[in-house]
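>>> here is my input; please provide its structure:
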Amino acid sequence: MRAERTTVAIALYAACLIGCGDDAASVSDSGAPPQQATTGDECFGALEAPAAGFIEIQRFAATDDSVEIWRARKPGERSAVGETFAYDLLAVWIDGAGEDGTCIADRAAMTYEFGHHNWDEVWTVRTEHATYTGREMYGSSADPSAWTWTDSLEAKDASGTTLFTVELVDQGCETRPYDLNPCLMRMRLDAPPPGWGEE
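Numbers count the residues shown, from 1 in each chain. This next block holds a predicted model:
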């Protein structure tokens, strides 16, 4: 009996070596990037431009270079007013500050709260190490000098203790396909394709 159990266990292990090896790095039916990606380009490489709408990718780095974080979002199904997009997170890539190039694509591990004109955005992403909260705030006071982005990232451990809080700087924005509005007040990394906007 013990020999039979051993044989079955070996067979199952061998089957998993053959059939399970690609699961961690494969693209899901929803186009989610691989969990094992170690660079931002690898993490977001599987995100394809949708048939309708767009995907926006924003890159950030901490002012002290301790962490780099990219986030990808797209308009979701929730209701919004006026020129506000009801965004949902698609993927987040984090490198540094305890994360060695971590790609998060599990929707259950991410939340997104949007504000009017998308000038008061708060999103979270959970990894094995921490829960990260990103804040993207655009100044909308009467003082034009305050019309700028204030971005930050906070990390907390499982007990809720703050591990760090850093200010973020804009490292570039792009959309798939090209769309003028989402990156309008950000540093664009892409350009309109030939013929874009022509009748």
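>>> look at the spatially closest residue to Met110 that is not a sequence neighbour and give its secondary structure.
Leaving aside its sequence neighbours, Met110 sits nearest to Leu89 (C-beta to C-beta, 6 or more residues apart in numbering; 4.1 Å). To be clear about C-beta, it is placed using only N, CA and C from the backbone, and glycine gets the same treatment. Recorded secondary structure, Leu89: strand (DSSP: H, G, I helix; E, B strand; the rest coil).
>>> how near is Leu89 to Ala108?
11 Å (C-beta to C-beta, to the nearest Å).
>>> surely the residue nearest to Met110 meets Tyr112?
Yes. The criterion here is C-beta atoms under 8 Å, and Leu89 meets it with Tyr112 at 4.9 Å.
>>> so how far is the longest strand anywhere in the chain off the chain centroid?
What stands out as the longest strand in the chain, according to DSSP state E, is strand 162-176. Mean-position distance between strand 162-176 and its chain equals 11 Å (C-alpha atoms, centre = their mean, to the nearest Å).
>>> ok, now stretch 140-148?
Worked out by C-alpha atoms, centre = their mean, stretch 140-148 lies 27 Å from the chain centre.
>>> which other residues reach that stretch?
117, 119, 138-139 (C-beta atoms under 8 Å, 6 or more residues apart in numbering).
>>> apply 7 Å and report the result again.
By C-beta atoms under 7 Å, 6 or more residues apart in numbering, the residues outside stretch 140-148 that reach it are 119, 139.
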